[in-house]
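Participant: any chance you can model this:
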Amino acid sequence: MDRYVSLAYDYPVLGVFWTTMWIFLWVLWFFLLFRIIGDVFRDDSMNGWTKTAWLVFVIVLPFLGAFVYILARGRGMGRRETEAVLARQQVMDDYIRETAATAAPAGPSPTDQLAKLSEIRARGHISDSEFQRAKEKILH
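Facilitator: Numbering: from 1, shown residues only. Coordinates of the predicted model:
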């Protein structure tokens, strides 16, 4: 058994910490890049050439491009994100209101109309034949 056996203590705790930190920073970096690219596409104040220039800058020189973008346009990133969320919320609210309005019946239900008609007949304000004609109208 002269083969080398790798044990858990061959990788020190500080090495695990550094590896975890670098993975975290790597994921954070990609999150930042996607956030910047999303902001570039979301911004309606920029024309196509400006958007292309920012994208090329961020892709070709990622660190410099990302830091310059955040310095130059970072203040508006939060505002644009908030506006986009509010616009999506408004569209959803309008859709819910429209759907709820079409789902609700326009007038009283046939059950309510029949109950009211029964009360009128019970009070003697209409005859049985009038009750039957009105009932047929409601049910058809």
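Participant: count the neighbours of R133 for me.
Facilitator: 12 (other CB atoms under 10 Å). The way it works is simple: take the backbone N, C-alpha and C, and place the C-beta from them, glycine included.
Participant: now do the helix or strand that contains it, average pLDDT.
Facilitator: Secondary structure assignment for R133, by DSSP states H and E: helix 128-139. Per-residue pLDDT values across helix 128-139 average out to 88.
Participant: which strands and helices lie in contact with the longest helix along the chain?
Facilitator: Assignment by DSSP state H gives helix 62-103 as the longest helix of the chain. The elements that helix 62-103 packs onto, with contact taken as 3 or more CB pairs under 8 Å, 6 or more residues apart in numbering; DSSP states H and E, are helix 13-42, helix 48-60.
Participant: export those as a markdown table, with columns for mean neighbour count.
Facilitator: Putting the helices and strands packed on helix 62-103 into a markdown table (neighbours: other CB atoms under 10 Å) gives the following:
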| stretch | mean neighbour count |
| --- | --- |
| helix 13-42 | 12 |
| helix 48-60 | 13 |
